[in-house]
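Visitor: Please work out how this folds:
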Amino acid sequence: MTKTYDTCCTIMDKLLINSIYMACEGEGVFIGSSQIFIRFQGCSIGCANCDSMDTWEFDSKYGIEFSEVLSRVEKIHNEFPVKRISITGGDPLHPAHLPGVLKIVSHYKKKGFFVNIEASGMRVVPELFDAVDFVSFDYKTPSTKVRGKKELVAQMAVKYPGRFQVKSVVADVADFMDVNEAFEYCRDQLKVSRLPFDWCITPCYCPGEEFSPARTERIISLNDACGGPFRIIGQQHKYLYGPDRRNI
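Guide: Residues are numbered from 1 along each chain as shown. All right, here's what the predicted structure looks like:
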């Protein structure tokens with residue numbers, strides 16, 4: 001039986017961590033950057049095309065002490081002296097995770113690390129977003145079966161210009177048109193011709209499927225036809241290792 005958040009949070013004051021690992025960022029504006037990833041365990045959003053469904057369950061078996069998180073990061077950092085951390089999930093903005101995330105951010109900012117947070121796009125959390133260096137903010141497309149919140153993207157543009165990116169996984173024409181509509185909404189709200197952030201489209205490449213060059217080509221063509229408002233950035237790690245391999 002899957003444990004709920006309510007069950008999990010009554011056990012112990014521990015951080016639910018799926019994995020901590022070193023990898024080269026495979027998508028978005030930081031593609032190609034070496035980073036230490038801290039992946040939280042537990043997500044209640046439920047995107048239909050999620051490539052890490054194993055991180056959904058809130059299970060106490062993933063609970064570790066804050067000191068253990070620091071120890072694992074230090075071990076990696078001693079071998080690879082990279083001072084960039086990306087906090088991902090799961091959903092690191094879930095209320096179950098937020099206290100631990102804030103503690104991690106505070107610790108590594110004091111040590112001079114660059115800290116990025118991977119945000120689901122379902123909520124804006126000022127106490128966290130004010131503390132990190134950069135926010136990677138999702139805008140969910142129809143193929144995810146989760147409703148994207150363009151109002152929050154516009155809010156981010158006002159509060160954090162130059163300090164965030166938007167990432168959208170696009171599977172088909174309907175997804176692209178939805179993202180383009182949200183893009184135009186944000187331009188209208190801000191009354192600008194150019195948005196103060198990068199909006200990256202990631203062509204969908206789901207676990208278990210063959211890579212489709214035609215899908216990427218189609219998305220590039222759609223973007224060109226709209227005047228090129230988006231950055232089309234594929235998932236480098238999946239092209240190299242396939243869509244099923246983890247911690248890369």
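
Visitor: The chain: strands as residue ranges?
Guide: Using DSSP state E, the strands of the chain run over residues 15-24, 34-40, 63-64, 84-88, 114-119, 134-138, 164-170, 198-203, 231-232.

Visitor: Serialize those strands to CSV and add fields for mean neighbour count and mean pLDDT.
Guide: Placement of C-beta: from N, CA and C, glycine included. Supplementary listing: the strands of the chain in CSV, determined by neighbours: other C-beta atoms under 10 Å; pLDDT from 0 to 100:
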stretch, mean neighbour count, mean pLDDT
strand 15-24, 19, 97
strand 34-40, 22, 98
strand 63-64, 16, 97
strand 84-88, 22, 98
strand 114-119, 23, 98
strand 134-138, 23, 98
strand 164-170, 24, 98
strand 198-203, 21, 98
strand 231-232, 17, 98
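
Visitor: Could you figure out how far the lengthiest helix in the chain is turned away from strand 164-170?
Guide: In the chain, assigned by DSSP state H, the helix with the most residues is helix 173-190. Helix 173-190 and strand 164-170 are oriented at 150 degrees to each other (axes from the mean of the first three to the mean of the last three C-alpha atoms, to 10 degrees).

Visitor: So which bits of helix 173-190 are buried?
Guide: Across helix 173-190, burial judged by 16 or more other C-beta atoms under 10 Å covers D175, F176, D178, V179, N180, A182, F183, C186, R187.

Visitor: do the same with stretch 230-247
Guide: Buried, per 16+ other C-beta under 10 Å, within stretch 230-247: F230, R231, I232, I233, G234, Q235, H237, K238, P243, R246.

Visitor: If we ignore the residues flanking it in sequence, what's nearest the fourth one?
Guide: Excluding its sequence neighbours, the residue lying closest to I233 (C-beta to C-beta, 6 or more residues apart in numbering) is C200, at 5.1 Å.

Visitor: before we move on, what about the second one?
Guide: With sequence-adjacent residues excluded and distances taken as C-beta to C-beta, 6+ apart, R231 is closest to C200, at 4.7 Å.

Visitor: Tell me who's in contact with the one you found.
Guide: Counting by C-beta atoms under 8 Å, 6 or more residues apart in numbering, C200 touches E27, G28, V29, Q165, V166, K167, S168, F230, R231, I232, I233.

Visitor: can you tell me how far the fourth one sits from D138?
Guide: Which is Q165. 10 Å (C-beta to C-beta, to the nearest Å).

Visitor: Also the fifth one?
Guide: When distances are taken as C-beta to C-beta, V166 and D138 turn out to be 7 Å apart.

Visitor: Could you list which residues are in contact with R231?
Guide: Taking C-beta under 8 Å, 6+ apart, one finds V29, D198, W199, C200, I201 in contact with R231.

Visitor: Excluding covalently adjacent residues, which one is nearest to the residue nearest to the spatial centre of the chain?
Guide: Taking C-alpha atoms, centre = their mean, the centroid of the chain lies closest to E118, which sits 3.2 Å from it. The shortest distance from E118 to any non-neighbouring residue, by C-beta to C-beta, 6+ apart, is to T88 (4.0 Å).
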